[in-house]
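what shape does this take:
(2 chains)
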Amino acid sequence: ETGVTQSPTHLIKTRGQQVTLRCSSQSGHNTVSWYQQALGQGPQFIFQYYREEENGRGNFPPRFSGLQFPNYSSELNVNALELDDSALYLCASSGGPSNTEAFFGQGTRLTVV
Amino acid sequence: QQPVQSPQAVILREGEDAVINCSSSKALYSVHWYRQKHGEAPVFLMILLKGGEQKGHEKISASFNEKKQQSSLYLTASQLSYSGTYFCGTESPGNTGKLIFGQGTTLQVKP
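Here you go, the predicted model:
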């Protein structure tokens, strides 16, 4: 158990809908990174939040957005869902923005139909 | 930009050794190694920083050659529990915090 919890664990949405995924970071951690993992692939970096500010973004369109709250928990929002957004979404909590061990949550499995 | 891992898959008998390589076309600041078992979250193994360091944890160790932009993960005397998919993640100067993962190497250890 890493202390990083994600909700919900599974979700089915219809194309065009919007979704919010949640991540509670490990106690004492101020950084949350979000990843998308397609089946059989490595995690792809979406963005990172450090002390409530976005601190880097991967090659994802603006319809992927996020927030980090004062308690360092985080949300990932995806608008206008597309079929290709179906994937496992992972958040990783760490004690700093780089050069540190990251603890992953169990992920949210999103299916877009 | 994604680091390239080799081999893609390897099957071992318990007690055998394995090497997994990670190669990048970009200058690297650090390399992170994770193991993911089926249906589970990736689990941190180690971080290596530029400077050509080596690290080890029990029978799993790794090296990082900054000049060659390569890292290798060494698994010695493999155990059944080593089975899973191994990912390297790389950080580049100026993009620290943005961890780019390779496509993974699937390791299966058989009795």
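
which SS class is residue B:81?
With DSSP: H, G, I helix; E, B strand; the rest coil as the basis, residue B:81 sits in helix.

for chain A, see how far away residue B:44 is.
5 Å (CB to the nearest CB, to the nearest Å). For glycine as for every other residue, the C-beta is placed from the backbone atoms N, C-alpha and C.

that residue touches residue A:93, doesn't it?
No - applying CB atoms under 8 Å as the test, residue B:44 and residue A:93 come out as separate, 11.2 Å apart.

from chain B, how far off is the residue nearest the centre of chain A?
Centroid-nearest residue in chain A: residue A:34, 3.2 Å away (criterion: CA atoms, centre = their mean). Counting by CB to the nearest CB, the gap from residue A:34 to chain B is 11 Å.

ok, what's across the strand from that residue?
Bridge pairing for residue A:34 (DSSP bridges) gives the partners residue A:47, residue A:91.

ok, it - contacts?
By CB atoms under 8 Å, 6 or more residues apart in numbering or on different chains, the residues touching residue A:34 are A:23, A:45, A:46, A:47, A:48, A:66, A:74, A:76, A:89, A:90, A:91, A:92.

select from those the one having the most neighbours.
Neighbour counts for these, by other CB atoms under 10 Å in any protein chain shown, peak at residue A:91, which reaches 31 neighbours.

and that one, what does it touch?
For residue A:91, the contacting residues are A:4, A:6, A:21, A:23, A:25, A:32-35, A:74, A:76, A:104-105, by CB under 8 Å, 6+ apart.

next step: those restricted to strands.
Mapping the contacts of residue A:91 onto strands (DSSP state E) picks out A:6, A:21, A:23, A:32, A:33, A:34, A:35, A:74, A:76, A:104.

could you count how many residues lie near the second one?
By the criterion of other CB under 10 Å, residue A:21 has 22 neighbours.

per-residue pLDDT, it?
Residue A:21 is assigned 98 on the pLDDT scale.

pLDDT weak spots in chain A?
A:1-2 (pLDDT under 70).

near chain B, which residues of it are found?
Where proximity means CB under 8 Å from any CB of the partner chain, the interface of chain A facing chain B comprises A:2, A:4, A:31, A:33, A:35, A:40-45, A:48, A:50, A:55-58, A:90, A:97-107.

and with 7 Å instead?
Within reach of chain B by CB under 7 Å from any CB of the partner chain, chain A has these residues: A:2, A:33, A:41-43, A:45, A:48, A:55-56, A:58, A:90, A:97-99, A:101-107.

just the buried residues of these.
Buried members of these, counted by 16 or more other CB atoms under 10 Å in any protein chain shown: A:33, A:41-43, A:45, A:48, A:55-56, A:58, A:90, A:97-98, A:102-107.

pLDDT weak spots in chain B?
Regions of chain B meeting the criterion pLDDT under 70 cover residues B:51-57.

which one of the ones in strands among the contacts of residue A:91 sits closest to chain B?
The nearest member of those to chain B, counting by CB to the nearest CB, is residue A:104 at 3.9 Å.

list the contacts of the closest one.
Counting by CB atoms under 7 Å, 6 or more residues apart in numbering or on different chains, residue A:104 touches A:2, A:4, A:90, A:92, B:41, B:42.

and those, which is closest to residue B:24?
Among the contacts of residue A:104, residue B:42 lies closest to residue B:24 (CB to CB), at 18.7 Å.
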